[in-house]
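# coords below, sequence missing:
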């Protein structure tokens, strides 16, 4: 228990540092949003007034603390660029799309990687293993955007099965079929990259576990290969795999931006890019906060999952 | 916890360990009582065997003497100087005079270095008070451990077998001409025939270099072969210290008797081990009060729970820490 | 999300680096494969082109072909322009070569800076631990938590997008990746004895870091550096694609530029994409191939179980019948003849001791019976019958059933014999639930019964515990309980007490023996310790180099050993009857290779009584007699002759 509290505390500390440093860096950018907002002809007083309105006055520390206080209540201020919308509004609109992309990608990736890894580990050096490993290796070398272009070229342009860009994406509840059809290619692109990594990780851990004494004894007890694989081998081998999935999820929320740009999905990644380029200060700070919280939470969840998977960690024996 | 007494210590010895206590912090504010008040000494040219099963603290004792573990309390005097009080540079200086051989012969060698550099390591760090050609000295040491062939010095550890690796370890230690050589289960990881080779080698080196050795092992037969005196440990305490022949002919502490009786196929004339010991090893986090062996001893009584037994001289040079030491007929022996 | 983040790839590399240092250092004679050389050539060619672009006959990448009329707009790949031209007639080959420069420069500098700094941090943190480690870990955590994209854009907005800014940025974000990997490796390394030995020798911490630890992580780090190089290229490419990268020509930019025309003039985007892909692949391959230099575990032979010709069948009243068993392991180095013609049989209630040193084949005999070889390519020939079932050729379902109901196995290391993540209860009841029609509650009740029989205290509590909560002796008892779950007729015990304390050894041996006699099971007790077989077996078979070289009643083997090896074995054991400081008899030399065993007697090279015939003719024996041996010049006198 204490371990968890310690970990959580450390992660909270990380959160503070990251948000503060981001705040600081964004502050260093040249240009003054308040001035731009006010326009060319505004008087200094008007600019000051606008600055106060937008909450951009005061020293760095003052602004940060003020921001932090508001952030806890999910009040991230208004978007400077998109008038009429608060930062939180923008995030609320874009986050679900990113989440959907990420969840679909992970489901596909895990759904492909686990059976393939099991099949490969059963017969290392066999046909499935060689084919899967080589493909995975090749996929690892393909950057996401290259793969994305290729996918939309083949499946979108040439075969016409799926749309090449996402246009007017309906909610998942409203029109699931249309939604999934549009999200298929981007998710698959993301998933293929993930599969490559997961497959290699899981395969090598499975092979290692297969050489353990207790597996040999299980074989000597006349248990079927299938039973041994699923009940004896999979769980002890999944620690590294879990870490990878956890880290990925944490990273993907902000990191799928290339796919989002390529397929024109209005997700968080795209939002971040636009906001920084347009110097929409409040939105950027809000996104950073969300991303960092997500990262912190995922790390924590991975730890929790670890201790569920491996009772030795639960009891502090490892 | 009180120790088992210091009445058995001699003076004017090379190594003197007094009331050594080593404790490790564990989870939930608990403490592992690895070594709880152990005292013994080592005379020039003597080999003391420390014997016991897992959790008895013999390895921790060896490591504590080498200052690889922090000592909670007690003193370790090497030629009169208390190592526990030494710090930093002084400690480093003191380390020259003690060397250790570890259990895993392969893991004790840096895989990316050549044998020659490994064996010379001590001299490279310290220089040497030896006059004359250092290379010749290193070559001489290598030859005396049986690694004198050409080309060995240039190879790397992974090209050698376990036995040969252990020889390299021994050579490395001998190059420094140590006052005390501590060996922690040096042959346990080796095949039986290789074990015999290394033991014979150590016997020969003892004579050639006048070594003073502390030989830690769980293997009673091996310990008998190499030691002059033997100390039996259990759960961080000393049970019995005696000359080798004496201990094996007349084991007096109930634990020593159980230990010897458990050796498969022994002809020591002891009752079967099942009559001498029962139950499981208690946790070192919470050792039994009084005599730590009492929870498994067939002779345990009330005094065993309330008072810790001290080492008492049972026979000349034969010390036992027990409230009810067994009195037995000595077994017939050859020497 | 850091920019150049090893992420999941890093997790694997970290785990591997840790595993590698746990195992040992450089692996000799592992070759770098063909792919390595291909990739290395590609990289060298690329570097060459990038470096010497100016003196090579390559066009100016910005030269507009529509003006010079040398190259046509959107010209396809051909002799005029290797990669064709883009919409403005610019030579694509020239542009791709130009794009190689920032990729290589960025990759090289970032890898060197990030690699060196990250490794330094990781190395120190892993060795010194304590506060240094905690601080480093927090710093690494913070660095990894940073949304790298935001960092990049804001820094770029503030400081511009020069190469210098990018190098700094990428280096900073790649440091945590290296640090984490190296820390893991350093941590594992500093647990090895040679670090203790260096400390005990009086080496300073600095010396240990530089001379003991650093050389051992060099290879894993170098291997990852290549992969890290590739990651830099990927990261830059992605950023260029969305227009956030350097101003100069980069591959990402080329791809982005050409993406718009992909339906009509695919070559403009696809060719730079291909070059980029191949370069990344090349770096990955190089890094991956280097792994084979330090990761011995990856040598995994294909897993196959093959069966060779059959031998004689048993009479039907034996529990275990083995005739002419040959077990060969097919490895890249050749076939290892682990078991080379072994025959033995056991009736109910009999206990056979199988004695030999490590590598003699004794464990392989047991494994051949149960057919459990982990990952290996194995051929077994001969006959193995358990309770009448041909264990090599019967239907798989029959074999599994026999394994589950007629055979119980106990192995050597109690600490690894039980699945660490499953409850004791499930491990004991599983064989019952799978092979019999017991219900869960029946199985559970029987499990409790078994645990009591093997002497486990508080069995109710133990059922709900995990293996790591039990001591070694307890775990061995659990393994025995599992083995006895379905009342097998045959008990196979592979060095069941070697890893245990001597007092526990005694308890376990008596337990096994008692159980065996009570249930009239046949037992094979494999051990390297002759003393162990004395009280607990009826017969003994001595194994050497894959063969049984002597076999007979236990009593006779000890009082009248005939084979020279048996004699030497008995003599070389430190005997409690010997006085201290006696010189121990040793057996000179080492056992012969099982890949190409010697022609004559396999023990001849080490035998004090060997003569010429021993080297040329293998001695035979009449295996039907009660006490037989394979020796031309046996020890002792005996009325019972041999063939």
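Okay, I see it. Note that the structure is a prediction, hence the values are computed from the model and not measured. Numbering: from 1, shown residues only, chains lettered A, B, ... in the order given.

# what about residue C:424, how many neighbours?
Neighbourhood size, residue C:424 [other CB atoms under 10 Å in any protein chain shown]: 27. For the C-beta atoms, the positions are set from N, CA and C on the backbone; glycine is no exception.

# Up against chain A, what does the stretch 201-350 of chain C have?
Residues of the stretch 201-350 of chain C that fall close to chain A, judged by CB under 8 Å from any CB of the partner chain: C:230, C:234, C:237-238, C:241-242, C:244, C:252, C:255, C:259, C:262-263, C:266, C:269, C:273, C:276-277, C:280-281, C:284-285, C:288, C:297, C:300-303.

# and those, which are buried?
Neighbour-count burial (16 or more other CB atoms under 10 Å in any protein chain shown) applied to those gives C:230, C:234, C:237-238, C:241-242, C:244, C:252, C:255, C:259, C:262, C:266, C:269, C:273, C:276-277, C:280-281, C:284-285, C:288, C:300, C:303.

# all strands of chain B, in order?
B:15-25, B:31-42, B:47-51, B:73-78, B:81-82, B:98-101, B:180-184, B:213-217, B:229-234, B:237-243, B:311-315, B:318-321 (DSSP state E).

# Any residue of the first one touching chain C?
Going back to what we said before, that points to strand B:15-25. No: figure legend: strand B:15-25 not in contact with chain C (CB under 8 Å from any CB); closest approach 13.6 Å.

# Now do that strand and strand B:47-51, the angle between them.
30 degrees (axes from the mean of the first three to the mean of the last three CA atoms, to 10 degrees).

# Check which strands are paired with strand B:15-25 and give the direction for each one.
With DSSP bridges as the test, strand B:15-25 is paired with strand B:31-42 (antiparallel), strand B:73-78 (antiparallel).

# Quickly note the distance from the closest residue to chain C within chain B to residue A:245.
Using CB to the nearest CB, the closest approach of chain B to chain C is made by residue B:111 at 2.3 Å. Counting by CB to CB, to the nearest Å, the gap from residue B:111 to residue A:245 is 34 Å.

# go on, residue C:198?
39 Å.

# ditto for residue A:145
For residue A:145, the distance to residue A:245 equals 22 Å [CB to CB].

# same deal with residue A:46?
Residue A:46 is 52 Å from residue A:245, by CB to CB.

# isn't the residue of chain B closest to chain C right up against residue B:155?
No: with contact defined as CB atoms under 8 Å, residue B:111 does not reach residue B:155; the gap is 11.7 Å.

# Could you give the bridge partners of the closest residue to residue C:541 other than its chain neighbours?
Spatial nearest neighbour of residue C:541, chain neighbours left out: residue C:551 (4.3 Å); criterion: CB to CB, 6 or more residues apart in numbering or on different chains. Beta-bridge partners recorded for residue C:551 (DSSP bridges): residue C:541, residue C:628.

# more crowded one of residue A:46 and residue A:245?
Each of residue A:46 and residue A:245 has its neighbours counted (other CB under 10 Å); residue A:245 has more, 24 against 15.

# Give the rounded mean pLDDT of the strand or helix carrying the more buried one.
Per DSSP states H and E, residue A:245 falls inside helix A:239-255. Averaging pLDDT along helix A:239-255 gives 76.

# Then stretch B:289-302?
pLDDT averaged over stretch B:289-302 gives 89.

# list the buried ones in that stretch?
Using 16+ other CB under 10 Å as the test for burial, stretch B:289-302 gives B:290-297, B:300.

# returning to what we had before: may I see the strands of chain B arranged in a markdown table, with mean neighbour count, distance to residue C:571 and mean pLDDT as well?
Shown next, in a markdown table, are these (neighbours: other CB atoms under 10 Å in any protein chain shown; distance: least, CB to CB, whole Å; pLDDT from 0 to 100):
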| stretch | mean neighbour count | distance to residue C:571 | mean pLDDT |
| --- | --- | --- | --- |
| strand B:15-25 | 19 | 35 | 92 |
| strand B:31-42 | 23 | 32 | 92 |
| strand B:47-51 | 26 | 22 | 96 |
| strand B:73-78 | 18 | 39 | 91 |
| strand B:81-82 | 14 | 45 | 86 |
| strand B:98-101 | 26 | 26 | 92 |
| strand B:180-184 | 24 | 24 | 95 |
| strand B:213-217 | 26 | 21 | 95 |
| strand B:229-234 | 26 | 24 | 96 |
| strand B:237-243 | 27 | 26 | 94 |
| strand B:311-315 | 16 | 33 | 89 |
| strand B:318-321 | 23 | 31 | 92 |
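
# can you list the residues of the stretch 351-500 of chain C near chain A?
Contact residues (CB under 8 Å from any CB) of the stretch 351-500 of chain C with chain A: C:367, C:370-372, C:374-375, C:399-405, C:407, C:409, C:411-413, C:416-422, C:430-431, C:434-435, C:466, C:468-469, C:479, C:482, C:492.

# Mind doing that once more with 6 Å?
Residues of the stretch 351-500 of chain C lying close to chain A (CB under 6 Å from any CB of the partner chain) are C:370, C:372, C:374-375, C:400, C:403-404, C:409, C:411, C:413, C:416-421, C:431, C:466, C:468.

# Inside strands: which ones of those residues?
residue C:409.

# For residue A:207, give its distance to residue A:228.
14 Å.

# So the two - more neighbours on which side?
Comparing residue A:207 with residue A:228 by other CB under 10 Å, the one with more neighbours is residue A:207, at 23 against 18.

# you'd agree that one is up against residue A:122?
No: applying CB atoms under 6 Å, one finds residue A:207 not in contact with residue A:122, separated by 9.7 Å.

# Quick one: residues contacting residue B:145.
Neighbouring residues of residue B:145 by CB atoms under 6 Å, 6 or more residues apart in numbering or on different chains: B:167, B:170-171.

# Those residues into CSV, with extra columns for distance to residue C:50, neighbour count and pLDDT?
Shown next, in CSV, are the contacts of residue B:145 (distance: CB to CB, whole Å; neighbours: other CB atoms under 10 Å in any protein chain shown; pLDDT from 0 to 100):
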residue, distance to residue C:50, neighbour count, pLDDT
B:167, 53, 23, 94
B:170, 55, 26, 95
B:171, 52, 23, 94
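
# ok, so of those, who is nearest residue C:622?
Taking CB to CB as the measure, residue C:622 lies nearest residue B:167 of the contacts of residue B:145, at 42.9 Å.

# wait, what's in contact with the closest residue to chain C within the stretch 151-300 of chain A?
Going by CB to the nearest CB, chain C is nearest to residue A:222 of the stretch 151-300 of chain A, at 3.1 Å. Listed by CB under 6 Å, 6+ apart, the contact partners of residue A:222 are C:400, C:403-404.

# Could you do residue B:60 as well?
Residues near residue B:60 by CB under 6 Å, 6+ apart: B:22, B:34-35.

# So which of the contacts of residue B:145 belong to helices?
B:167, B:170-171 (DSSP state H).

# Tabulate those in JSON lines, adding columns for distance to chain A.
Formatted as JSON lines, those follow (distance: CB to the nearest CB, whole Å):
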{"residue": "B:167", "distance to chain A": "31"}
{"residue": "B:170", "distance to chain A": "32"}
{"residue": "B:171", "distance to chain A": "35"}
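
# Dump those residues to a markdown table, plus distance to residue B:277.
A markdown table is the format used below for these (distance: CB to CB, whole Å):
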| residue | distance to residue B:277 |
| --- | --- |
| B:167 | 37 |
| B:170 | 35 |
| B:171 | 40 |
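
# which regions of the stretch 1-150 of chain B lie under the pLDDT threshold?
B:1-3, B:128-131 (pLDDT under 70).
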